[in-house]
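Asker: the following block contains a protein sequence and its predicted model.
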Amino acid sequence: MTEYLIKNGFVFDPVQGIKGDKADVAVKDGRIVTGVSSGAKVIDAAGKTVMAGAVEIHAHIAGPKVNEGRNYRPEDKLFTYTPKSRQSRMAGGFSIPTTFKTGYEYARMGYTTAMEAAMPPLYARHVHEEMRDTPIIDEGAYPVFGNNWFVMEYLKNGEIENAAAYIAWLLRASKGYAIKVVNPGGTEAWSWGLNCLTVNDPVPYFDITPAEIMTGLMQANEFLGLPHSMHVHQNSLGNPGNYTVTLDSLKLAEKIKPNNKFGRDTVLHSTHLQFHSYGGDNWGNFESKSKEVMDYVNRQKNITIDTGCVTLDETTTMTADGPFEHHLTELNHLKWANIDVELETGSGVVPYVYSPDIKVCEIQWAIGLEIALLTKDHMRTFITTDHPNAGPFIRYPRIIKWLMSAEARKERIDSFKHSAKMIDATLIAGMDREISLYELAQMTRAGPAKALGLANLYGGLAPGMDGDVVVYNFNPEKDHKPDEIEKAFSAAAFVLKRGTPVVVDGEIVSNGNKRTLWVDAKTDENPQVMRDIRDKFLRYYSINMNNYEVAGHFLTNPMAIEVDATR
Amino acid sequence: MTKTVTDVICPFCGTLCDDLEVVVSDDGKTIVDVYNACAIGAEKFMHSQARDRVKRPRMQQPDGTYKEVSYDEAVEYTAQMLANAKKPLMYGWSSTSCEAQSVGHEIAEKVGAIVDNTATVCHGTTLIAVQDVGIPSCTLGEIKNRADRIIFWGCNPAHAHPRHQSRYSIFPRGFFTNKGHKNRKVVVVDPRRTDTAKMADYHFQIEQGRDYELLSAFRVAVRGEWLPDTVAGISKERIYEAAEMLKSGRFGIIFFGMGVTQSLSKNHNIDEAIMLTKDLNDYTKFSIMAMRGHYNVTGSGQVMGWQFGFPYATDLSRGFARYNPGETTSNDLLVRGEVDAVFVLGSDPGAHFPISSVKKISQLPSVCVDPHITPTSEVSKLHVPVAFVGVEVGGNCYRMDNVPIDARKVVDPPEGMLTDEEFLTRVNKRLEQLVAVT
């Protein structure tokens, strides 16, 4: 097996606490090692930044709604296509790139792992088929549970153990990774054209509240001891004044204690917080409440968040929050796709243009960055764009630029059409904080890996971890113009994925050896839950139970994370 | 003793029933009987057992007779044809698995082909309409569990999707619809008095080709605005009454078929139907769904979508994917003489394309990959028979509501026969040698 020695780079590794020291990184047999033989291939990283491969904790990159977005937006492909090469397939698309492009673009930016954020279990095969066609990056997918009939029925009766047994069964059937919750209760309500806009709105017929669903799912998550915490997209996304709902949801975590063997010390991940930190009560007095929300997040140590930064692009929103997408199409009158999924969830897709000439979009841009800049613990705040909802993931280098350079932010603010009004409604103009490379490595590597329970594999350069190493053309000892930061993080000089070079000088050189992650949780036999599952399939599902489970051949190099929850 | 294979997926129509039971002989080689399937689905299974089935590739001779050739020769002919063509058309894909489609796309990318599926003469107009105005839809289980207003517009599932009504739409007792069809009001819009129309509470016998007018009239009536005395042959009183009935439901659905997608106004009909659905969401919950034909035409659109970004009519001949229906659609290419080779798999354009297109196929180097003898195999230079997907080999398929179901293998294919995927994989391997990558 080939050995690699990445020499003399400025290394940033939160796992070992290395903050830019000149050091060598050795890789052998796909893993980081303490040293390699003299025959190792040497990569000269002198004057460059070296980090572990980045970990994407929340992006919509595979599955039915992503593909609906691709198919119903031919315009998204305009001027984006690159032809095939010796190593790569033809690839195109901007906000919803093809699967090949998704793999290539993540790798070029130095991302080596990505999680699909919402998998409708009935469509799990579709998600896995797309992940199979996404090269290079390791992937996993979160099945959605927040509007699932089984879950709502068990939790209404306080049956945490039964809910946990069902969750374990569904994770196995769908080859899923974590418990995802999207607009708890609200999407089920949407099947009747309704919604749940606070944590106390009862779900029609099921007569349970979003607060009860979230609390119960956190308890079930810790009962099972899954690697990731419950991952939630809260109620009332995108509405002025929704920050109170956000705080109500986050507070639910206060009562829950983490329980797992993966080194995860959090119980709730609140995703794309930007969309949930709004003040005001209409679009006229819409304002940032990032401070109120982040004050709480900084205090409450058992939650993690990701930002959901707005990138000011034309994009395609897609979420399992069906009622929100209907609300959005009523706002912007762009084409609306909706998919309600029997017994499980729903989803919607609407294109959206985040314009720097629209005040609300400018404020949203500011809120996303404020959340990152107000963070005290960078191991608990992760950079995302909720791809493609707040912007496409290929804009991460631009977000990094805005976070690392107050000058870049000032340039942006000055060129907004409504900069004065925007400044009144936000805090961004008064912030001179700049994120360091070490903090960046925490927010994009070590932090998300730890939150996912994968800290032993990803996010660091300690011996024994996966050989995912990235070299950026970025010399931390020199001053940089803002655009140089963006350029450096757009195309890595060198990316090693599990010991295989996949990117050299920003070009794809290999399709790597991608893995598919899923969680295999073993529980005690539970005849009641199995009977309930059989009964629901017999009476209410439109497919047979025996045709539900995703077979192993849909997964490329499957890697099951085993959890023993038997008592 | 015979054995029964349960939970079998039916590889016929977009309803993709997955509850079939197939009885096979003791040695597992022959199919004895098929339960739960409709007449067409059962016949698909039994047809694979035909004694006169073609089991080896056949090359058509200049005098019209056939000469049996080996699979090796068939692979060579196909690879050479695709490698030598400047702009080959690779059409079909709707009656095969996603795995085979995926290999086909890799080939198409190598040789710079146009990939098109049967939507081009079917629901392609629907796909265009969705690109115009979106589509609020749901899975079929949602209809079963919730829907109390069912519209069939320009489709006749009683004949084309025979088990649709019992499994999903009219009759099933679901969670919130425990009285089955008594919970539901059924509307059929069709100029003919079809067998589906006979089951409806309301049959609107519309004047042929007037769907756009009637859809617009429904939108007007839903808003309570003024209508002329009759629209498309239907009196305004009946339209107002139907609009009120739709608004008063809890959950409604419009199913539509070829009667609207391929009649006058084409995609504009579907635009209007989708906008009617969207309008009705201001009053209650409403969805709309295309009655897709082939059992995996939906899958072809999905695989093409995630690999190239377009659901059909994808032109890869310039080295990147382009999509321009009317230009890159099969019939337009054939009629204008823009393609110089034709590869067909999993469809029968010989039976369904206009004669002017079929004539072009017959004049070009052409390969037809199909388990059956079809009008297409008869006009193609090479016919490659393969195993039946869903009977003799498994593979993933997408139902009309985009739900993927992994088809099962029930019996072995006849000795020595290749599957679609195997044949394509061998062609792809050969092309690696023939086509230099820049």
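Answerer: Happy to help now that I have it. Not measured: the values here are computed from a predicted model.
Asker: quick one: low-confidence ranges for chain B?
Answerer: B:437-438 (pLDDT under 70).
Asker: quick one, domains of it?
Answerer: B:3-47, B:58-120+B:295-434, B:124-290 (automatic domain parsing).
Asker: which residues touch the closest residue to chain A within the stretch 1-150 of chain B?
Answerer: Closest contact between the stretch 1-150 of chain B and chain A, by C-beta to the nearest C-beta, is at B:G141 (2.9 Å). Every C-beta, even on glycine, is put in place using the N, C-alpha and C of the backbone. Contacts for B:G141 (C-beta atoms under 8 Å, 6 or more residues apart in numbering or on different chains) come out as A:L122, A:V341, A:E342, A:L343, A:Y540, A:Y541, A:S542, A:I543, B:Y168, B:G174.
Asker: residues touching the closest residue to it other than its chain neighbours, list them.
Answerer: Using C-beta to C-beta, 6 or more residues apart in numbering or on different chains and skipping the chain neighbours, the partner closest in space to B:G141 is A:E342 (2.9 Å). By C-beta under 8 Å, 6+ apart, A:E342 lies in contact with A:L122, A:Y540, A:Y541, A:S542, B:C138, B:T139, B:L140, B:G141, B:E142, B:K144, B:N145.
Asker: residues near residue 173, how many?
Answerer: With no chain named, the answer covers chain A. Counted by other C-beta atoms under 10 Å in any protein chain shown, the residues lying close to A:A173 total 16.
Asker: that's the wrong chain, I wanted chain B
Answerer: B:R173, neighbours per other C-beta under 10 Å, totals 15.
Asker: B:K278 versus the closest residue to chain B within chain A, what's the distance?
Answerer: Using C-beta to the nearest C-beta, the closest approach of chain A to chain B is made by A:E342 at 2.9 Å. To B:K278, A:E342 is 21 Å away according to C-beta to C-beta, to the nearest Å.
Asker: returning to that earlier point: could I get the contacts of A:E342 in CSV, plus columns for secondary structure and distance to A:K401?
Answerer: Listed next are the contacts of A:E342 as CSV, based on DSSP: H, G, I helix; E, B strand; the rest coil; distance: C-beta to C-beta, whole Å:
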residue, secondary structure, distance to A:K401
A:L122, helix, 40
A:Y540, coil, 50
A:Y541, coil, 48
A:S542, coil, 48
B:C138, strand, 42
B:T139, coil, 42
B:L140, helix, 47
B:G141, helix, 46
B:E142, helix, 44
B:K144, helix, 51
B:N145, helix, 49
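Asker: who in the stretch 1-150 of chain A is up against chain B?
Answerer: A:62, A:64, A:66-68, A:70-74, A:76-77, A:81-86, A:89-90, A:92-93, A:96, A:98-100, A:122-123, A:125-126, A:129-130, A:133 (C-beta under 8 Å from any C-beta of the partner chain).
Asker: pick the one among the contacts of B:G141 closest to A:E407.
Answerer: A:V341 (46.4 Å; C-beta to C-beta).
Asker: hang on, the earlier thing: quick check on the residue nearest to B:G141: phi, psi?
Answerer: phi -50, psi 130 (degrees, to the nearest 10).
Asker: circling back to that earlier point, top of the contacts of A:E342 by neighbour count?
Answerer: That'd be B:T139 among the contacts of A:E342, by other C-beta under 10 Å, with 30 neighbours.
Asker: can you verify B:I254 is assigned to a helix?
Answerer: No - read with DSSP: H, G, I helix; E, B strand; the rest coil, B:I254 is strand and lies in no helix.
Asker: surely it and B:A273 touch.
Answerer: Yes - with contact defined as C-beta atoms under 8 Å, B:I254 and B:A273 form a contacting pair (5.9 Å).
Asker: overlap in contacts of the two?
Answerer: B:W153, B:I288.
Asker: so who does B:A243 touch?
Answerer: Counted by C-beta under 8 Å, 6+ apart, B:A243 has contacts B:F218, B:A221, B:V222.
Asker: now list the buried members of these.
Answerer: Those of the contacts of B:A243 that meet the buried threshold are B:F218, B:A221, B:V222, by 16 or more other C-beta atoms under 10 Å in any protein chain shown.
Asker: in helices, which of those residues fall?
Answerer: Members of the buried ones among the contacts of B:A243 lying in helices (criterion: DSSP state H): B:F218, B:A221, B:V222.
Asker: dump those residues to JSON lines, plus distance to A:G53.
Answerer: Putting those into JSON lines (distance: C-beta to C-beta, whole Å) gives the following:
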{"residue": "B:F218", "distance to A:G53": "55"}
{"residue": "B:A221", "distance to A:G53": "59"}
{"residue": "B:V222", "distance to A:G53": "54"}
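Asker: closest to A:D21 out of those?
Answerer: Nearest to A:D21 out of these is B:V222 (C-beta to C-beta; 68.9 Å).
Asker: dump the residue contacts of residue 341.
Answerer: Defaulting to chain A. A:P120, A:L122, A:Y123, A:S347, B:C138, B:T139, B:G141, B:E142.
Asker: that was the other one, I meant chain B.
Answerer: B:M81, B:L82, B:N84, B:A85, B:P88, B:L89, B:L364, B:P365, B:S366.
Asker: could you measure from the most far-flung residue of chain B relative to its centre over to A:Y4?
Answerer: Distance from the centre of chain B peaks at B:W226, with 38.7 Å (C-alpha atoms, centre = their mean). According to C-beta to C-beta, B:W226 and A:Y4 sit 76 Å apart.
Asker: ditto for A:M119
Answerer: 34 Å.
Asker: the more surrounded of these two?
Answerer: A:M119 (31 against 22).
Asker: can I assume B:Q307 sits in a strand?
Answerer: No - counting by three-state DSSP, B:Q307 is not part of a strand but helix.
Asker: tell me the strands beside the host helix or strand of B:E21, with direction?
Answerer: Secondary-structure assignment from DSSP states H and E places B:E21 in strand B:20-24. Strand pairing for strand B:20-24, using DSSP bridges, gives strand B:3-8 (antiparallel), strand B:31-35 (antiparallel).
Asker: can you give me the helices in the stretch 101-250 of chain B?
Answerer: B:124-133, B:140-146, B:157-160, B:164, B:211-222, B:236-247 (DSSP state H, counting those that start in this stretch).
Asker: before we move on, the earlier item: list of residues touching the strand holding B:E21?
Answerer: B:2-10, B:30-37, B:41, B:45, B:410-411.
Asker: CA atoms only: put that strand into PDB for me.
Answerer: Taking C-alpha atoms only, strand B:20-24 is exported to PDB below (Å, rounded to 0.1, in the frame of the first residue of the first chain):
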ATOM      1  CA  LEU B  20     -48.000 -10.800  -6.700                       C
ATOM      2  CA  GLU B  21     -47.600 -14.500  -5.900                       C
ATOM      3  CA  VAL B  22     -46.000 -16.600  -8.600                       C
ATOM      4  CA  VAL B  23     -46.200 -20.400  -8.500                       C
ATOM      5  CA  VAL B  24     -43.100 -22.000 -10.000                       C
END
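Asker: where's the closest residue to chain A within the stretch 251-400 of chain B relative to B:G326, distance?
Answerer: Ranked by C-beta to the nearest C-beta, the top residue of the stretch 251-400 of chain B for proximity to chain A is B:F320, at 3.6 Å. Distance, B:F320 to B:G326, by C-beta to C-beta: 19 Å.
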